[in-house]
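> with the sequence up front, the predicted model follows.
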Amino acid sequence: MKTQKIETIRKKFHREWLLIAINKMDEKKTIPLTGRLLAHTPHRDEIYRKEMKYRGNTLTVYSEDGLPEGYGAAFYYQNV
């Protein structure tokens, strides 16, 4: 798939997990801006497996604004 805005990729899929190779970041806000879709599936564990095989800067995101029932989010920031 070609490089697209992250929001454009998210809008193409309904209730799926997405694995995106990040091409461009807003460095000041550390927000991914564009990327290339590597995989999509309604099953989070399938994305985990594909994520482990990919070497590079990736984003794993749910296509909807909210997470499915039973999921939570945690964030980790490391200042290097």
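Done, it's in. Here the structure is a predicted model, which means the values were calculated and not measured. Numbers count the residues shown, from 1 in each chain.

> quick one, helices of this structure?
With DSSP state H as the criterion, the chain has helices at 6-11, 44-53.

> now do the buried residues in the last one.
By neighbour count on 16 or more other CB atoms under 10 Å, the buried set for helix 44-53 is I47, K50. In short, each C-beta sits where N, CA and C put it, glycine included.

> what average pLDDT does that helix get?
Mean pLDDT, computed over helix 44-53, is 90.

> equivalent analysis for stretch 16-33, please.
Mean pLDDT, stretch 16-33: 92.

> equivalent analysis for stretch 67-80, please.
Confidence over stretch 67-80 (mean pLDDT, whole number) is 68.

> re the thing from before, got a markdown table for the helices of the chain, with distance to P32 too?
Shown next, in a markdown table, are these (distance: least, CB to CB, whole Å):
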| stretch | distance to P32 |
| --- | --- |
| helix 6-11 | 5 |
| helix 44-53 | 15 |
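
> can you tell which of those is closest to R36?
Among the helices of the chain, the nearest to R36 by CB to CB is helix 6-11 (8.6 Å).

> for this structure, just list every one of the strands.
Per DSSP state E, the chain carries strands over the ranges 4-5, 17-26, 31-41, 58-62.

> redo these as JSON lines? Include distance to K11.
As requested, these are arranged in JSON lines below (distance: least, CB to CB, whole Å):
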{"stretch": "strand 4-5", "distance to K11": "9"}
{"stretch": "strand 17-26", "distance to K11": "11"}
{"stretch": "strand 31-41", "distance to K11": "12"}
{"stretch": "strand 58-62", "distance to K11": "12"}
